[in-house]
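*Asks:* below are the sequence and a predicted model for it; my questions follow.
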Amino acid sequence: MVQPWQIIDRVPTQAGLLELRKRGERDFLITVGGQVLMNSMSNRSELTLGQLACGHLKHSIQSLVLVGGLGMGFTLKAVLDTLPATARVVVAELNPVVLAWCRGPLAALTDNAVADARVKVEICDVAQLIRRYAKDDAPEKLDAVILDLYTGPYVRSHKRNDPLYGSIAISTTREALKPDGVFAVWGEDYDAGFAKRLATAGFVSTRHRSGRGTGHVVYLGRIGAGADKVTP
C-alpha cells in the first residue's frame, strides 16, 4: 500500500501555502498552493545543471559560482561535487524556510550541502546579486551563474523586461561574468525565444536534456565559444 504524504511544515507566501511533505524516509515534496514544485525522487535535471555549469572549473584554483534557488539542495550538491575544495559558492534563496528545511529534514538528501565551508547562503532575490556583480566597480566577477528556480524561461517570459530571462537581465548577467564565464539555466521545457536572447547577448548556447522521459532542459551559455546544439 502506498503511504500517504505527511505535511512536515507549511508557511504562507504570496503564491499560496508553501509546504514540505514527506512519505517514507527519503521521499519529499515541496508544493506551493497545492502545486508540486519539486520531488526528491526526480532530481536528474538538477544534477545535470550543476555538473555542466561547473565542468570547466574542476581544476580551477579559485572560482566563484552563484546559484539562484536552493530548493532541496540537489543542484548545490552537484556544484560542490564538481568544484575543487578552494572554490566559493554563493546561493541566493528568497524564502528562509527553504534554507531551514535544507539544514533540517532535507539535509540527509545532500549530505548537508548547505553546511559545506565553501557555501554562503544569502536570503535575497538572485537578480539583486547578479546586478551587484555586474557593476563596473565590483571587486570580482563570477565564473558561473546558475539559475535553478521554480519557474524557468517559457514562451510568455517578457522578452525585454523579465527580471531573469529578459534581454536586459541576460545582458546584465553577461556583465557579471568573467570573459570565460558560463550562464546555466534550468527550464521546464525548451523556449526558442530565450535561446535567441542568449545569442543576441553574445552567449553561444548548448541545450541538454537530462534523460529520456523528461521535458526538462538545461541551457548552457558560454561567451563566444562552442556551437548551438541539443544533446540527448
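*Replies:* That came in fine, so what should we check first? Residues are numbered from 1 along each chain as shown.

*Asks:* can you list phi and psi of the residue minimising distance to the centre of the chain for me?
*Replies:* Taking Cα atoms, centre = their mean, the centroid of the chain lies closest to Asp148, which sits 2.2 Å from it. Phi and psi for Asp148, reported as degrees, to the nearest 10, are phi -130, psi 80.

*Asks:* what about the longest strand in the chain?
*Replies:* strand 177-187 (DSSP state E).

*Asks:* show me which residues of that one are buried.
*Replies:* Leu177, Gly181, Val182, Phe183, Ala184, Val185, Trp186, Gly187 (16 or more other Cβ atoms under 10 Å). The way it works is simple: take the backbone N, C-alpha and C, and place the C-beta from them, glycine included.

*Asks:* lowest-confidence one in those?
*Replies:* The lowest pLDDT within the buried residues of strand 177-187 belongs to Gly187, with 91.

*Asks:* I figured that one hits His216, correct?
*Replies:* Yes - counting by Cβ atoms under 8 Å, Gly187 does reach His216; the two are 7.0 Å apart.

*Asks:* follow-up on the earlier one: so what touches the longest strand of the chain?
*Replies:* By Cβ atoms under 8 Å, 6 or more residues apart in numbering, the residues outside strand 177-187 that reach it are 45-46, 49, 52-54, 56, 75, 141-149, 152-154, 165, 170, 173-174, 194, 198, 203, 216-223, 225.

*Asks:* out of those residues, which end up buried?
*Replies:* 45-46, 49, 52-54, 56, 75, 142-149, 152-153, 165, 170, 173-174, 194, 198, 203, 216-223.

*Asks:* domain-wise, how is the chain divided?
*Replies:* What automatic domain parsing lists as the domains of the chain is 1-41, 42-231.

*Asks:* residue ranges of the helices in this structure, please?
*Replies:* 44-54, 74-82, 96-103, 126-134, 167-176, 192-200 (DSSP state H).

*Asks:* in the last one, what counts as buried?
*Replies:* Counting neighbours by 16+ other Cβ under 10 Å, one finds that the buried residues in helix 192-200 are Gly193, Phe194, Ala195, Arg197, Leu198.

*Asks:* please enumerate residues in contact with it?
*Replies:* 153, 155, 157, 159, 165-167, 170, 183, 185, 187, 205, 207, 219, 221, 228.

*Asks:* got it, and the fifth one?
*Replies:* With contacts defined as Cβ under 8 Å, 6+ apart, helix 167-176 is touched by 66, 127, 130-134, 138, 141-142, 145, 159-163, 183, 197-198, 200-203, 223.

*Asks:* the longest strand of the chain vs helix 167-176, what angle?
*Replies:* 140 degrees (axes from the mean of the first three to the mean of the last three Cα atoms, to 10 degrees).

*Asks:* strand 177-187 versus helix 192-200: what angle between them?
*Replies:* 170 degrees.

*Asks:* so what strands line up beside strand 177-187?
*Replies:* strand 142-147 (parallel), strand 217-223 (antiparallel) (DSSP bridges).
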